[in-house]
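# Next come a sequence and a model predicted from it.
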Amino acid sequence: MNNAALFTALPRRESPWEIPDEEFDRVMAVNVRAIYRISRTGDDCLLIGTDYGHTDTSSDVDAIAQFRQRTDISERSKHKIISDNPRR
C-alpha cells in the first residue's frame, strides 16, 4: 500500500557505488523511514495526490483511478484517503 521515492530528483549514476553517503541517507529517509512512519499513522492521516500537470514526467495521469482499483486496500480506507481526509 505504501510508496515513496526520489526517482527523478536524483542524478543518474553508472554504479550504485558512486552514490555519496548524504544522497544515500536522503533516499533512505524517503524510501524507508517515511514509509515506516506513514504505516504507523493509519488511513486517517493519508491523502492521495499526483504531480500531473507539472513538469514531473513520472506523474501518473490515472493515479486516482488506479488507486480505486486496488484490491489490497479496503473500500473504507480508499474512501478515507480519496474523499474524507482531504475534506478535513
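Received it, and whenever you're ready, just let me know what you need. For clarity, every value in this text was computed on a predicted model and none was experimentally measured.
# By mean pLDDT, which helix or strand of the protein comes out lowest?
Using mean pLDDT, DSSP states H and E, helix 34-41 stands out as the lowest-scoring helix or strand of the chain, at a mean of 75.
# Now do the buried residues in that helix.
Buried residues in helix 34-41, counted by 16 or more other CB atoms under 10 Å: Ile38. Where you see a C-beta, it was placed from the backbone N, CA and C, and this is true even at glycine.
# Skip ahead from it and say which helix or strand is next.
helix 63-69 (DSSP states H and E).
# So for that following helix, mean pLDDT?
Taken as a whole, helix 63-69 has a mean pLDDT of 83.
# roughly how far out does that helix sit from the chain middle?
Its chain's C-alpha centre and that of helix 63-69 lie 13 Å apart, by CA atoms, centre = their mean, to the nearest Å.
# what are the C-alpha coordinates of that helix, in CSV please?
This file holds the C-alpha atoms of helix 63-69, laid out as CSV (Å, rounded to 0.1, in the frame of the first residue of the first chain):
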residue,chain,number,x,y,z
ALA,A,63,-3.3,7.7,-10.2
ILE,A,64,-6.7,8.1,-8.6
ALA,A,65,-8.4,5.5,-10.9
GLN,A,66,-5.6,3.0,-10.3
PHE,A,67,-5.8,3.6,-6.6
ARG,A,68,-9.6,2.9,-6.7
GLN,A,69,-8.9,-0.4,-8.5
